[in-house]
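Asker: coords below, sequence missing:
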């Protein structure tokens, strides 16, 4: 009777455990504390949205910005990559990397996002539907172990919420966590770059301006400032078409760089020098792509319709 009862208890524990820990294809080398973190790993059971849904929701953005994509041939959709990009102003262009790769290459990017994305009702639900995951090393490791293609913007909120003098400026501060993850999981990196959006909007007041006013002093005095990282998560006040918040219809140019192999740094994931060497390669590629895109744009202006050219002057 006791043996039978013990067997039932063991079976019940196994069933309960299976409910808490998602099944992961070829799951090896997951974080040691995965069981405690199991509730946060529900994203591994993610079901990608249909191509029809993605095409429909992105159609207005494609029509308005008429984006051009370079470098898609650099991507082999039979294997996963770590896509590492530069945040444009307010991170408005991020959606195009996700949609284009799904529609053209059958790759569902899993975006690692800064915490501020999860603080906006409605916005967070949409991006979760599009595969977004809260950025952390544990979450990134789980995604890579599962063989997912992962997208990250090392500059985070600080790079997206730009200051007035930071147009097309890569601002990754001293961050190299993405390099650590790429080395640890031997993931080739595809650097990303984009130009156009920062010419579509003007910054009227940036975080520095606002934090130097009575409002900023009030936020610091009351301690509220720490919840926006002392202004780092404070978006700039911008204007686009006329005095509206609608971006001017600048054509966007986005590129996918050549893969960067990190295998030469195998076993050096915790080596800061190795991380910075990888980061330098990626940052150099991003900047080079920006230069290429700006030159490409200079020769592409005449291909725009008269209405777009007229609106860009507004």
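Answerer: That came in fine, so what should we check first? No experiment lies behind these values; they were computed from the predicted model shown.

Asker: hey, let's count contacts and neighbours off CA atoms from now on
Answerer: Will do.

Asker: all helices of the stretch 151-300 of the chain, in order?
Answerer: Remark: helices assigned in the stretch 151-300 of the chain by DSSP state H, counting those that start in this stretch are 156-160, 177-185, 207-211, 214-222, 272-298.

Asker: Any idea which of those gets closest to residue 132?
Answerer: Judged by Cα to Cα, the one of the helices of the stretch 151-300 of the chain that comes nearest to residue 132 is helix 156-160, at 13.9 Å.

Asker: returning to what we had before: could you dump the helices of the stretch 151-300 of the chain into CSV and include mean neighbour count, distance to residue 91 and mean pLDDT?
Answerer: As requested, the helices of the stretch 151-300 of the chain are exported to CSV (neighbours: other Cα atoms under 10 Å; distance: least, Cα to Cα, whole Å; pLDDT from 0 to 100):
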stretch, mean neighbour count, distance to residue 91, mean pLDDT
helix 156-160, 23, 5, 89
helix 177-185, 22, 18, 97
helix 207-211, 17, 16, 93
helix 214-222, 13, 24, 92
helix 272-298, 18, 16, 97
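
Asker: which stretch among those comes nearest residue 73?
Answerer: Among the helices of the stretch 151-300 of the chain, helix 272-298 sits nearest to residue 73 (Cα to Cα), with 14.8 Å.

Asker: relative orientation of that closest one and helix 177-185 in degrees?
Answerer: With axes from the mean of the first three to the mean of the last three Cα atoms, to 10 degrees applied, the angle from helix 272-298 to helix 177-185 works out at 110 degrees.

Asker: centre of the chain versus helix 272-298, how much separation?
Answerer: Centroid separation between helix 272-298 and its chain, computed with Cα atoms, centre = their mean, to the nearest Å, is 16 Å.

Asker: Contacts for stretch 268-284 next, please.
Answerer: For stretch 268-284, the surrounding residues in contact (Cα atoms under 8 Å, 6 or more residues apart in numbering) are 84, 170, 176-177, 179-181, 183-184, 189, 191, 260, 262, 265.

Asker: ok, now with 6 Å
Answerer: Contacting residues not belonging to stretch 268-284 are listed as 176, 179, 180, 183, 184, 191 [Cα atoms under 6 Å, 6 or more residues apart in numbering].

Asker: Of those, which is the nearest to residue 145?
Answerer: Nearest to residue 145 among the contacts of stretch 268-284, counting by Cα to Cα, is residue 184 at 10.5 Å.
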